[in-house]
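Engineer: Fold the following and give me the result.
(2 chains)
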Amino acid sequence: MAETTPQLEPSGLPQAQVAGKRRSSFSLVWIVPLIAVLIGAWLAWKTISEKGPTFVIHFKTAEGLEAGKTKIKYKSVDVGIVESIELSRDRSTVLVNARLEKYAESYLVADSRFWVVRARITGATVQGLGTLLSGAYIGMDVGKSKQATRIFTGLEDQPIVTADVPGRHFVLKSPVLGSFSLGSPVYFRKIAVGEVESYELDKDGKGVTIRIFVRAPHDQYVNTATRFWEASGVDVKLDASGVSVETESLAAIVIGGIAFQTRGDATAEPAAEDAEFRLFRNRAAALAHRDVVTTPFAFVFKESLRGLSVGAPVDFRGIVVGEITDIRPLYADGQVYMVAFADVYPERMAGRQIGGSARERLGLTRQQSVDLLVKDGLRAQLRTGSLITGQLYIALDFFKDSAPAQVAWNDKPPRFPTVEGALTGIEENIAQITKKIAALPIEAIGNDTKRVLETLDATLKTIDVAVKQIDAKVTPELRDSLVDLRRTLAEVDRVLAQDSPLQDELRSALREVSRAAASLRVLTDYLEQHPDSVIRGKPEDKP
Amino acid sequence: MTAPTAAGYGLVACHVCELVTRAPRGGAEGVCPRCGAQLHSRKPNAVARTWALLIAAAILYLPANIEPVMITSSFLGTQSDTILSGVAYLYHSGSWPLAVLVFAASILVPLLKLIALSYLAASVQSRSRANLLQRTRLYRVLEFVGRWSMLDVFVVMVLAALVNMGSLANIQAGRGAMFFGGVVVLTMLASMSFDPRMIWDATREENG
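Structural biologist: Next up is the predicted model:
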């Protein structure tokens, strides 16, 4: 190796120039890792600072939920994600650990609600169709509470109304739950203005409490005088006024609903939040009960009250002024009477005149005015509302000829005078007719008829025999005669024919006769001119 | 044993015009008398540069693997995948050869490159004379393999450009892809700035 060294040092090699002292590149290259550190630090800071709060939701099932994939959405905006899903220690619930975005931290308050949104078809609505493709997600409704919490219990169903929808909740009490369900609409003048939010059995088990929500601005129509009724399905009613079918809408037939109506009463105050109302079975019941003044009466009848049902109307010339509440028999003086108890709304009978009702003008009490009317002949009478159904109702009307009577105000409830129904008369007539029919000697008539029929039968048989005889004996001879007759006629026909000998002879005979007649004419002419020839004879012709 | 080197004789070749000159005495910086380019017998600050770039690459290696590389959004939802989740998906869906390939190219190779370059830089710094030949071979392999790590980034970029069907399906490159590209580029730069001759310099200084 040492030998080669001189060859590598040729003398002709140029000498490199000495450069000025450069600035050191040492510090420059270290900028690169510095930038990398900055980026890393920024990323780390961002990740940590953006990390939102974690919380736990208890669900009954984790159906459709997936750790790391299932989103939490508020108003369809992603606000978080499910991080892990595990079972609770006692295996009764599923614990869903989720994380919200940083900005959504304030959403985790005590009354915030979570539920799993899946595709669902309920009655008239279809929800969450998008989840069929994208998978279920957890819906969220932010509450109004200020109290923060990290543990929630998930709802099984999507809440009907979210907390931020303006409106008011009301409570309805009903003896039974109608044929509506969660989310069923609440109608006002057939417009859906709210939803049935929840229902539950009362603690004592004697009724049902239903919570409904009426959206603003329609909630202003709910006031203290508002009546709620079930608009569920089809309400077919068969009563004294015939068949009536009532329904709120096609959707209501399917999913049921609740309707309400408010009287145009300006004095009624708007109902407060969570105000309690009674839920009536139907519209008629709801609106009938708005009568403030109710006077109970008892109507005592001798006749059967079959066909008169509780709820049947008390009618005054077409105005329903009351309603039967109860029917009971009454045993008195060895006789059975039927008593119909009714609530009568006297306000409905008040004459509407300018300046108030007649009663007010006369300054009478209600009792006095009733007495006055009864004195004029106002009586109660059972009448048939419909001949087909046999429904009865109690009619109030004036019977001028009726025996004087009074309202027994001392009875409880007061007894209203009645007259025998028109129906009773008809029944009597029918009974008489029936009796007469029964008295007819139907058996004797029957026997006679039988005898006549037997004779007729014998006669007919004789006729039958005679006809048969005629058929056997007379008919052949008749046929022979007819053959003879036909032959004779043929003969005549031949004789009378144009070329028959008879015709010919007749013609020549006639010719002879006409010639004879001509000779006779010549003779008579001659005799006229020579009458003497009869004596002298014909003179000889002169040559 | 001492091998003769240009540096040992005080000679320097210009990188630009290939003129061989005598290096200035006293270790001062020289300039090529013909073309005026900077002269240096070894890459300047090679070890420091390598270290700097390696540290930067190592820092970026973390977000490259944590951040999503590819964001797939379709009408079924949005899904973001990191390199590891992609490997896991491939493995679970049955195509384990592909999973191995992606794992090797995208996770193992960059990591090994970082470790190997660190080892080389450290060994040069400590003037180690062990495994000289093996270390040189290792460097050659690193140079060759390094660029293939960009495969992932290419795939993501091609997909992002191709799959762009509005709301139906859409693929976007995630932040992880950027960091991953950064890692690959920085390790390539680091291996470039490393001067393999310095591995052998240890032998000269020991004897000379």
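
Engineer: what about chain B, any weak spots by pLDDT?
Structural biologist: B:1-3, B:25-28, B:76-77, B:147, B:204-208 (pLDDT under 70).

Engineer: How about the contacts made by whichever residue of the stretch 401-543 of chain A sits closest to chain B?
Structural biologist: Nearest residue of the stretch 401-543 of chain A to chain B, counting by Cβ to the nearest Cβ: A:P413, 71.4 Å away. From N, CA and C alone the C-beta is placed, and that goes for glycine too. Residues in contact with A:P413 (Cβ atoms under 8 Å, 6 or more residues apart in numbering or on different chains) are A:296-298, A:341.

Engineer: Specify the beta-bridge partners of A:V96.
Structural biologist: Counting by DSSP bridges, A:V96 is bridged to A:I57, A:I85.

Engineer: my read: it touches A:I81, true?
Structural biologist: No. The criterion here is Cβ atoms under 8 Å, and A:V96 misses it with A:I81 at 10.7 Å.

Engineer: Quick check on these two: which one has the bigger neighbour count.
Structural biologist: A:V96 (25 against 18; other Cβ atoms under 10 Å in any protein chain shown).

Engineer: where does that one land on pLDDT?
Structural biologist: At A:V96, the pLDDT value in this model is 91.

Engineer: Next: A:S241.
Structural biologist: 68.

Engineer: Mind splitting chain B into its structural domains?
Structural biologist: As assigned by automatic domain parsing, chain B contains the domains B:1-41, B:44-201.

Engineer: State the distance from the residue of the stretch 101-250 of chain A found nearest chain B to B:I107.
Structural biologist: The minimum distance from the stretch 101-250 of chain A to chain B, using Cβ to the nearest Cβ, falls at A:S134 (4.7 Å). Distance, A:S134 to B:I107, by Cβ to Cβ, to the nearest Å: 31 Å.

Engineer: Need phi/psi at the residue of the stretch 101-250 of chain A closest to chain B.
Structural biologist: phi -90, psi -10 (degrees, to the nearest 10).

Engineer: show me where the stretch 151-300 of chain A has helices.
Structural biologist: Remark: helices assigned in the stretch 151-300 of chain A by DSSP state H, counting those that start in this stretch are A:250-255, A:283-288.

Engineer: for the record, mean pLDDT for the first one?
Structural biologist: Helix A:250-255 shows a mean pLDDT of 70 in the predicted model.

Engineer: now the helices for chain A?
Structural biologist: Secondary structure of chain A (DSSP state H): helices at A:26-29, A:31-50, A:131-134, A:250-255, A:283-288, A:358-362, A:366-375, A:422-439, A:442-469, A:475-495, A:501-529, A:533-536.

Engineer: So which bits of stretch A:136-147 are buried?
Structural biologist: A:136-143 (16 or more other Cβ atoms under 10 Å in any protein chain shown).

Engineer: so who does residue 13 touch?
Structural biologist: In the absence of a named chain, chain A is used. Contact analysis of A:L13 by Cβ under 8 Å, 6+ apart lists B:11, B:20-22.

Engineer: Correction: the question concerned chain B.
Structural biologist: B:6, B:19-21.

Engineer: what pairs with it across the strands?
Structural biologist: The partner list for B:A13 in beta bridges (DSSP bridges) reads B:V20.

Engineer: quick one: it and B:P44, what's the gap?
Structural biologist: Counting by Cβ to Cβ - B:A13 and B:P44 are separated by 15 Å.

Engineer: these two touch, right, A:K73 and A:G139?
Structural biologist: Yes. Between A:K73 and A:G139 a contact is recorded at 6.0 Å, counting by Cβ under 8 Å.

Engineer: which residues are common contacts for the two?
Structural biologist: Joint contacts of A:K73 and A:G139 (Cβ under 8 Å, 6+ apart) are A:V117.

Engineer: Which secondary structure elements does the helix or strand B:A48 falls within sit against?
Structural biologist: Following DSSP states H and E, one finds B:A48 within helix B:46-66. Judged by 3 or more Cβ pairs under 8 Å, 6 or more residues apart in numbering or on different chains; DSSP states H and E, helix B:46-66 is in contact with helix A:26-29, helix A:31-50, helix B:83-92, helix B:109-125, helix B:175-193.

Engineer: And A:S134 and B:I107? Which one has more around it.
Structural biologist: It is B:I107, of A:S134 and B:I107, that has more neighbours when counted by other Cβ under 10 Å, with 19 against 15.

Engineer: Now that one: closest residue in space that isn't a chain neighbour?
Structural biologist: Spatial nearest neighbour of B:I107, excluding adjacent residues (Cβ to Cβ, 6 or more residues apart in numbering or on different chains): B:I83 at 6.3 Å.

Engineer: strands paired with the longest strand along chain A, and their directions?
Structural biologist: As assigned by DSSP state E, the longest strand anywhere in chain A is strand A:319-332. Here strand A:319-332 is paired, per DSSP bridges, with strand A:313-316 (antiparallel), strand A:335-344 (antiparallel).

Engineer: just those strands: most buried one?
Structural biologist: Of all the strands paired with strand A:319-332, strand A:313-316 carries the top mean neighbour count, a mean of 21, counting by mean count of other Cβ atoms under 10 Å in any protein chain shown.

Engineer: Return the alpha-carbon coordinates of it using PDB.
Structural biologist: Only the C-alpha atoms of strand A:313-316 are listed here, as PDB (Å, rounded to 0.1, in the frame of the first residue of the first chain):
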ATOM      1  CA  PRO A 313    -132.900  11.800  25.700                       C
ATOM      2  CA  VAL A 314    -135.500  13.900  27.400                       C
ATOM      3  CA  ASP A 315    -136.900  15.800  24.500                       C
ATOM      4  CA  PHE A 316    -138.900  18.900  24.300                       C
END
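
Engineer: Give me the mean pLDDT for it.
Structural biologist: 86.

Engineer: next one: phi and psi at the residue of the stretch 301-450 of chain A found nearest chain B?
Structural biologist: The stretch 301-450 of chain A approaches chain B most closely through A:G311 (58.0 Å), counting by Cβ to the nearest Cβ. With angles defined as degrees, to the nearest 10, A:G311 sits at phi 100, psi -10.

Engineer: Neighbours of the nearest residue to B:L138 once chain neighbours are set aside, how many?
Structural biologist: Computed as Cβ to Cβ, 6+ apart, the closest residue to B:L138 that is not its neighbour in sequence is B:A116, at 5.8 Å. Counted by other Cβ under 10 Å, the residues lying close to B:A116 total 18.
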